[in-house]
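J.: mind looking at a prediction? Sequence and model below.
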Amino acid sequence: MGVLMVSGTSSTTSNNGSTGSSIISALGTGSGIDTNKLADQLTEASKMVQAERLTTKKTLLETQISDFGLLRSSLSKLETAAAALGSADTFNAKALSIPETTLLGITKLDAKAVAGSYQLKVEQVAQAQSLSSGTFSSMTAPIGKGTLTIRLGEWNAAVNDFEVDSTKTGATITIDDTNNSLTGLRDAINKANIGVSASIVSDGGSFKLLLASKSGAKNEIEITAAEDAGALGLASFNFNETTRNLTQLQEGLDAKVRVNGLLVSRESNQIKDVVEGLEFDLFASSLTETVSVTINEDKSIAEQTIRDFVTAYNTFKTEVEKLVGFDTEAKGYGSLHRDPLASSMMKGLRNILSASVPGLSGGFTSLSNLGIRTELDGSLKITESEGNTGFRAAIDNNFALVRDLFVPKTSASVSGIEVTKYSAKSQPGTYDVVITQQPSKGKLTAGAMVATFPLDTTGKDYSFKLKLNDIETATITLPAGKIYTSGAELATELQSLINLDTNLKAVKSTLAVSFDAGKLVFTSDSYGSTSKVEFSTIGADMADLGISVGAGTTGTNVGGTVNGEVAFGYGNVLLPALNTKAEGLSMTVQPGTTSGSITFSRGFAGTMTTMINDYLKTSGLIKEREANINKDIDNVKDDEETLNRRSEAYRARLMAQFQAMESIVRGLNSTGDFLDGILDRLPFTAKSG
């Protein structure tokens, strides 16, 4: 350390004994300096520049964290506005007009409803078949043991001929010691969940089982009892062509409605598929009243949604400009002014606003085609009219093109290919599809029938076990004593019995049975290499039907290429190869299709929301940037701690030097005390008395 300058004034009078006295007097017993305060001041001065730099850096980083939160919030609002533009329902909205009526009530108007006028005439409302058992003295008394096979179909007017509906699956109800009662039977039927409800009604001290099917002519009930050996009682629930021990209280009827003169029938009074997108309930019928329903396009929702997006973007720009640009209110640049992520994001958004939407060609491909311009300051402006162009003309005259501009769109050049899905990895564009292997279903064609029609099952063993897609059924038997008048009737019966099997129902496997050129044909309802039909066990007389033990032809998976790249096929679903532009697109291919092309566009809304989501998602770019900023903040804190440790060490060195100085000063003080009055004590200078 250099020479320490001590504050105070000292005398320099020559040859004067007061010189040493003046120095000592000035120093006193020590230096007279507040060394603690001086050390603090010197230490603070030493670290001030670095501390201010670190504080400024930390403040900026903390402000950036806060501002990224504001950016995230503004971006989220913009994404919501853009997502509304990406909904097909926004552009398919409809308006409805209907007069007051007691015949029907509108329950839903879907966006996919086709605009037009519809004349509805309700000629018959649907009703459910209702059956009643005989009387029982107790709800808990035994009713017999065995099984009740319930099937659904349609009875003729005389209720002596039943036509099973092979598209509906019934159930086999088992009655044993655990549920051998009227209550047990009721609960077992309800638990089967096949559309037949059971209840017990009291009738003056006795009890009856009441069965009700779903409404509809083909939801009527057939019940056949198979009693255990030595057990009696279940036969009292028979309701089939041979024995009808139940009483029909009400027949099943279809609803009948004329739509613009065309008569249509439905099983339920809840009509959902007569006029696409329009659902209504029937309350009563009338042969004279006609209800006029008019459906119109409601473009106002789409128009307002587009206007809302423009407003949302301009609000977003105003809010974010304060963060990434010059804030006129604060008179300075925002904390994200030089942040590369924020700059990249804003550039990406501006590109989307001005560029053509990938995957679209012709018509409207960008916002400018719609009359939405980008101003010099970067904001959006709707040009209402420019001659025959502009926003108004686009909405009024080219609404379908406006919809295609905003909404994701998939299409195929041939009817045999349908694009069903796309993912975040799917890139817009047009892709060539070539089918190299046709999809097919597992199929077994029996031999020519030996038996002739009418076919009587009396005394015959027409039983078998069948494997469908490697799932084996329980033993299935054609009902004894039944006569089939045609191959089609026999095929329908077999299809119903097979699809009724509980093993197949558990895995939701079904098949179709047809009769073609004198042979029974069994075809799995699924495509692909796991689609198989096989008879594993047959009864003694199954050869009469041309059926023997063995497997049929296994199905095949579709095969093909997408843009020359080998695709993955499963069943009739074709998936483009991974890491290709078409990845994530999924398409179903119908047999017979050889080639075609598919086109995919995310639309303006999909393009924008996909980009925004890259920033906002949990593992997105903003989250990653915030994590890096937080690391930088932690590093600044570490630097501050390091600076504090260095400053403390520097202060310690100062204090050690000050202590050494104090020691010297104390030595001088002692010398001063000794020299004080020394001239008066020396023999040659002593004053005379």
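T.: Looks like it arrived, so ask away.
J.: residue nearest the centroid of this protein?
T.: The residue lying closest to the centre of the chain (CA atoms, centre = their mean) is residue 423, at 11.3 Å.
J.: that residue in helix, strand or coil?
T.: Of the three states, residue 423 takes coil under DSSP: H, G, I helix; E, B strand; the rest coil.
J.: which residues in the stretch 1-150 of the chain form strands?
T.: For the stretch 1-150 of the chain, strands defined by DSSP state E, counting those that start in this stretch occupy the ranges 94-97, 104-109, 116-124, 128-132, 146-155.
J.: what's the third one packed up against?
T.: The elements that strand 116-124 packs onto, with contact taken as 3 or more CB pairs under 8 Å, 6 or more residues apart in numbering; DSSP states H and E, are strand 255-259, strand 278-282, strand 291-297. No exception for glycine: its C-beta is placed from N, CA and C like everyone else's.
J.: kindly report the same for the shortest one.
T.: For strand 94-97, the contact count by 3+ CB pairs under 8 Å, 6+ apart identifies strand 104-109, strand 291-297 as packing neighbours.
J.: let's go with 10 Å and repeat that
T.: With contacts taken as 3 or more CB pairs under 10 Å, 6 or more residues apart in numbering; DSSP states H and E, strand 94-97 sits against strand 104-109, strand 291-297, helix 299-324.
J.: repeat that for the fourth one.
T.: Contact here means 3+ CB pairs under 10 Å, 6+ apart; on that basis strand 128-132 packs against strand 146-155, strand 197-203, strand 206-215, strand 220-227, strand 247-250.
J.: what pairs with the last one, and is each one parallel or antiparallel?
T.: Strand 247-250 has the following strand partners under DSSP bridges: strand 128-132 (antiparallel).
J.: hey, what's residue 570 bridged with?
T.: The partner residues for residue 570, given DSSP bridges, come to residue 573.
J.: ok, back up a step: reformat the helices and strands packed on strand 128-132 as TSV; add distance to residue 133.
T.: Output for the helices and strands packed on strand 128-132, formatted as TSV (distance: least, CB to CB, whole Å):
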stretch	distance to residue 133
strand 146-155	12
strand 197-203	9
strand 206-215	4
strand 220-227	10
strand 247-250	8
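J.: hmm, back to that, without its sequence neighbours, what residue ends up closest to the residue nearest to the centre of the chain?
T.: Of all residues not flanking residue 423 in the chain, residue 584 sits nearest, at 2.9 Å (CB to CB, 6 or more residues apart in numbering).
J.: which ones are touching the one you found?
T.: 421, 422, 423, 424, 425, 426, 427, 575, 576, 578, 600 (CB atoms under 10 Å, 6 or more residues apart in numbering).
J.: thought residue 585 was touching the third one, still the case?
T.: Same thing as residue 423. Yes - counting by CB atoms under 10 Å, residue 585 is a contact partner of residue 423 at 7.7 Å.
J.: could you check which helix or strand contains residue 668?
T.: Secondary structure from DSSP states H and E places residue 668 in helix 621-675.
J.: list the helices and strands that helix packs on?
T.: helix 18-27, helix 35-85, helix 340-354, helix 603-616.
J.: what angle separates that helix from helix 35-85?
T.: Inter-element angle recorded for helix 621-675 and helix 35-85: 170 degrees (by axes from the mean of the first three to the mean of the last three CA atoms, to 10 degrees).
J.: quick check: the gap between residue 188 and residue 556.
T.: 41 Å (CB to CB, to the nearest Å).
J.: neighbour count for those two, which is higher?
T.: residue 556 (20 against 17; other CB atoms under 10 Å).
J.: for the more buried one, give me its contacts.
T.: 437-442, 527-529, 531, 569, 571-572, 591.
J.: repeat that for 8 Å
T.: 437, 438, 439, 440, 527, 528, 529 (CB atoms under 8 Å, 6 or more residues apart in numbering).
J.: phi, psi for it please.
T.: Main-chain dihedrals, residue 556, degrees, to the nearest 10: phi -130, psi 150.
J.: and for residue 562?
T.: Per degrees, to the nearest 10, the backbone of residue 562 is at phi -120, psi 120.
J.: which residue comes closest to residue 564 once chain neighbours are left out?
T.: Counting by CB to CB, 6+ apart, the residue nearest residue 564 is residue 432, at 7.5 Å.
J.: in a strand, that's where the one you found is, yeah?
T.: Yes - counting by three-state DSSP, one finds residue 432 located in a strand.
J.: can you get me a residue count around it?
T.: 14.
J.: in contact with residue 500, which residues?
T.: Here residue 500 is in contact with 149, 151, 169, 170, 171, 172 (criterion: CB under 8 Å, 6+ apart).
J.: next, format these as a markdown table and append pLDDT, distance to residue 408 and neighbour count.
T.: Listed next are these as a markdown table, based on pLDDT from 0 to 100; distance: CB to CB, whole Å; neighbours: other CB atoms under 10 Å:
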| residue | pLDDT | distance to residue 408 | neighbour count |
| --- | --- | --- | --- |
| 149 | 93 | 49 | 17 |
| 151 | 94 | 45 | 24 |
| 169 | 82 | 37 | 20 |
| 170 | 88 | 42 | 23 |
| 171 | 90 | 43 | 22 |
| 172 | 91 | 47 | 16 |
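J.: ok, residue 650 touching residue 43?
T.: Yes - the pair residue 650 / residue 43 is scored as a contact, 5.7 Å apart, by CB atoms under 8 Å.
J.: what sits closest to residue 622 if chain neighbours are left out?
T.: residue 615 (5.0 Å).
J.: residues near that neighbour, how many?
T.: 24.
J.: follow-up on the earlier one: which of the contacts of residue 584 has the most neighbours?
T.: residue 576 (26 neighbours).
J.: distance of that residue from residue 557?
T.: Separation of residue 576 from residue 557 (CB to CB) stands at 15 Å.
J.: likewise residue 58?
T.: Distance from residue 58 to residue 557, by CB to CB: 61 Å.
J.: neighbour-wise, which of these two wins?
T.: Ranked by neighbour count (other CB under 10 Å), residue 58 and residue 557 place residue 557 first, with 20 against 17.
J.: am I right that that one is in contact with residue 571?
T.: Yes - at 6.2 Å, residue 557 and residue 571 qualify as touching, with contact defined as CB under 8 Å.
J.: between these two, which contacts overlap?
T.: Contacts common to residue 557 and residue 571, judged by CB under 8 Å, 6+ apart, are 439, 527, 528.
J.: surely the second one is in contact with residue 574?
T.: No - distance between residue 527 and residue 574: 11.2 Å, which falls outside the contact criterion (CB under 8 Å).
J.: is the residue nearest to residue 564 in contact with residue 560, as I believe?
T.: No - between residue 432 and residue 560 there is no contact under CB under 8 Å: 10.2 Å.
J.: contact partners for residue 406?
T.: For residue 406, the contact set (CB under 8 Å, 6+ apart) comprises 85, 86, 90, 91, 306, 603, 604, 605.
J.: report pLDDT for the third one.
T.: The score at residue 90 is 89. That number is its pLDDT.
J.: what do you get for the second one?
T.: Model confidence at residue 86, expressed as pLDDT, equals 91.
J.: could you report the neighbour count for the nearest residue to it once chain neighbours are set aside?
T.: Spatially, and ignoring its direct neighbours in sequence, residue 86 is nearest to residue 605 (3.2 Å; CB to CB, 6+ apart). Neighbour count of residue 605, defined by other CB under 10 Å: 24.
J.: I'd guessed residue 605 sits against residue 81; true?
T.: No - judged on CB under 8 Å, residue 605 makes no contact with residue 81 at a distance of 9.2 Å.
J.: residues contacting residue 380?
T.: Taking CB under 8 Å, 6+ apart, one finds 310, 313, 314, 353, 367, 372, 373, 374 in contact with residue 380.
J.: gap between the third one and residue 437?
T.: So the one you mean is residue 314. Counting by CB to CB - residue 314 and residue 437 are separated by 54 Å.
J.: and if you look at the second one?
T.: Applying CB to CB, one obtains 48 Å for the distance of residue 313 from residue 437.
J.: from the chain's centroid, how far away is stretch 414-421?
T.: How far stretch 414-421 lies from its chain's middle: 21 Å, per CA atoms, centre = their mean, to the nearest Å.
J.: kindly report the same for stretch 657-675.
T.: 85 Å.
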